[in-house]
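Asks: heads up, no residue letters with this:
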Ligand code: ZN
């Protein structure tokens, strides 16, 4: 797939970005808040929305607690309990039905508001790439839609 990213120098170059995240485990919540926040800062957007999307069927995006890493661990543990890798009855021949199920629960995107040039996240919130069939290299697409100038 071709990325909806313009070359540097174009006006919208700073409004869309794509970055690769290399995961290291089969089920893994990876905190990508710093990468997204850096892009928002570089974009110069003062207010608007920031969409974070992954073009994958076995990886998703969620927002949850980033302060205590045990929360991400416990979510990973629960995903694996909810959708065991070898549950009876799966038909999908690839053998990764559990990965698709976990991703369906999580979803492919999140939207975060931008105010005063920064992501509007609660004190404990972080943006996570949810790897459900790793380790792999995943693409994360970020697009900023600034508010129209008043
Ligand atoms: Zn599959």
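Replies: Perfect, thanks for sending it. Please read these numbers as outputs of a predicted model, since none were measured by experiment. Numbering: from 1, shown residues only.

Asks: now the longest helix along the chain: how far from the chain's centre is it?
Replies: In the chain, with assignment by DSSP state H, the single longest helix is helix 69-82. Relative to the centre of its chain, helix 69-82 is centred 16 Å away, using C-alpha atoms, centre = their mean, to the nearest Å.

Asks: same check, this time on stretch 107-126
Replies: Centre-to-centre, stretch 107-126 and its host chain are 12 Å apart (C-alpha atoms, centre = their mean).

Asks: cool, stretch 127-136 as well?
Replies: Put simply, stretch 127-136 sits 8 Å off its chain's centre (C-alpha atoms, centre = their mean).

Asks: what about it, how long is it end to end?
Replies: Start-to-end span of stretch 127-136 (C-alpha to C-alpha, to the nearest Å) is 19 Å.

Asks: what comes up buried for it?
Replies: For stretch 127-136, a neighbour-count test (16 or more other C-beta atoms under 10 Å) marks 127-134, 136 as buried. Placement of C-beta: from N, CA and C, glycine included.

Asks: what residues does it touch?
Replies: Stretch 127-136 has contacts (C-beta atoms under 8 Å, 6 or more residues apart in numbering) with 21-33, 36, 52, 54, 58-64, 66, 72, 79, 96, 98-100, 102-103, 106, 110, 112, 119, 121, 138, 140.
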